[in-house]
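Engineer: below: sequence and its predicted model.
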Amino acid sequence: MRTKGKISSWNDEKGFGFITPFDGGKRVFVHIKDFSNRNRRPEINQVVTYDLSTDSQGRPCAAMATLAGDRLPQDMQKKYGPLPVIIAAVFLVIVGIAVASGLPPVILGFYMVVSLMTFIAYADDKSAARKGAWRTKESTLHLLSLIGGWPGALVAQNKLRHKSRKVSFRAVFWMTVLFNCGVFVWMTTSSGAATLQSLITGVVK
């Protein structure tokens, strides 16, 4: 799911330039520090593969860029391991077990649906970043994670390589995960289950 393009402009003295994606869209800023191999200087028209990221102002920029013929270092490749997907799958299995043990089935359905919505929201935001179009607010992505879509967000961050490097975003994201997990644990208690059942009954009526 990494993005490919060519270097359309490069200032070697300042160490930065722009990449034009092959699939169209807005040019992407790239700095020399974002290349995995800094011993090889970029040149105009060179093919480059990169992760699409954003700077502090929400503008598209490249991360973990590699020129044609180069490969990501092993430690960077490990960052894209299956662990986030495993975490998401294990949590949903736990939710399924809780449902089998008496939690309302609607809870598992809710997590599945919101996770899918969250994955789609991440995909749309990455597509918008490539095209320079209107972006999805980070607060919206966090809200989706908070209400139960964080498994889908984890999968999207891992598979789409989106919002996986921005430290401030990741910090808030993991706070939403912890909060949601706390609410889920509370729902498995007697008081939480009673409150949940009352809410479901009220919605149905």
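Structural biologist: Perfect, thanks for sending it. Numbering: from 1, shown residues only.

Engineer: hey, where'd the strands end up in the chain?
Structural biologist: In the chain, the segments counted as strands under DSSP state E are 3-11, 16-21, 28-31, 47-54, 60-67.

Engineer: quick one: closest of these to Ile87.
Structural biologist: strand 47-54 (20.4 Å; CB to CB). Just so you know, the C-beta spots here come from the backbone N, C-alpha and C atoms, and that holds for glycine as well.

Engineer: pipe the strands of the chain into a markdown table and attach mean neighbour count, mean pLDDT and distance to Leu143 per row.
Structural biologist: Listed next are the strands of the chain as a markdown table, based on neighbours: other CB atoms under 10 Å; pLDDT from 0 to 100; distance: least, CB to CB, whole Å:
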| stretch | mean neighbour count | mean pLDDT | distance to Leu143 |
| --- | --- | --- | --- |
| strand 3-11 | 17 | 91 | 27 |
| strand 16-21 | 20 | 93 | 29 |
| strand 28-31 | 21 | 92 | 27 |
| strand 47-54 | 21 | 86 | 19 |
| strand 60-67 | 22 | 86 | 23 |
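
Engineer: mind checking which of the ones you listed is nearest Met175?
Structural biologist: Taking the strands of the chain one by one with CB to CB, strand 47-54 is closest: 19.8 Å.

Engineer: which helices and strands does the closest one pack with?
Structural biologist: Counting contacts by 3 or more CB pairs under 8 Å, 6 or more residues apart in numbering; DSSP states H and E, strand 47-54 is packed against strand 3-11, strand 28-31, strand 60-67, helix 106-131.

Engineer: for the strands of the chain, which one sits closest to Pro105?
Structural biologist: strand 47-54 (37.9 Å).

Engineer: and the angle for the closest one with strand 16-21?
Structural biologist: Using axes from the mean of the first three to the mean of the last three CA atoms, to 10 degrees, the inter-axis angle of strand 47-54 relative to strand 16-21 is 100 degrees.

Engineer: and strand 47-54 with strand 3-11, angle?
Structural biologist: Computed by the same axes, to 10 degrees, the angle separating strand 47-54 from strand 3-11 equals 90 degrees.

Engineer: what strands flank strand 47-54, and is each parallel or antiparallel?
Structural biologist: strand 3-11 (antiparallel), strand 60-67 (antiparallel) (DSSP bridges).

Engineer: so which of those strands comes closest to Leu83?
Structural biologist: Proximity to Leu83, assessed across the strands paired with strand 47-54 by CB to CB, is greatest for strand 60-67 (17.6 Å).

Engineer: the closest one to helix 106-131, inter-axis angle?
Structural biologist: 80 degrees.

Engineer: how far off centre is strand 60-67?
Structural biologist: Distance of strand 60-67 from its chain centroid, counting by CA atoms, centre = their mean, to the nearest Å, is 16 Å.

Engineer: may I have it as PDB, with CA atoms only?
Structural biologist: Taking Å, rounded to 0.1, in the frame of the first residue of the first chain, the C-alpha atoms of strand 60-67 are listed here in PDB:
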ATOM      1  CA  PRO A  60       1.000  16.000   2.500                       C
ATOM      2  CA  CYS A  61       4.600  14.900   2.900                       C
ATOM      3  CA  ALA A  62       6.600  11.800   2.300                       C
ATOM      4  CA  ALA A  63       7.900   9.400   5.000                       C
ATOM      5  CA  MET A  64      10.200   6.400   4.800                       C
ATOM      6  CA  ALA A  65      11.000   7.200   1.200                       C
ATOM      7  CA  THR A  66      13.200   4.900  -0.900                       C
ATOM      8  CA  LEU A  67      14.600   5.500  -4.400                       C
END
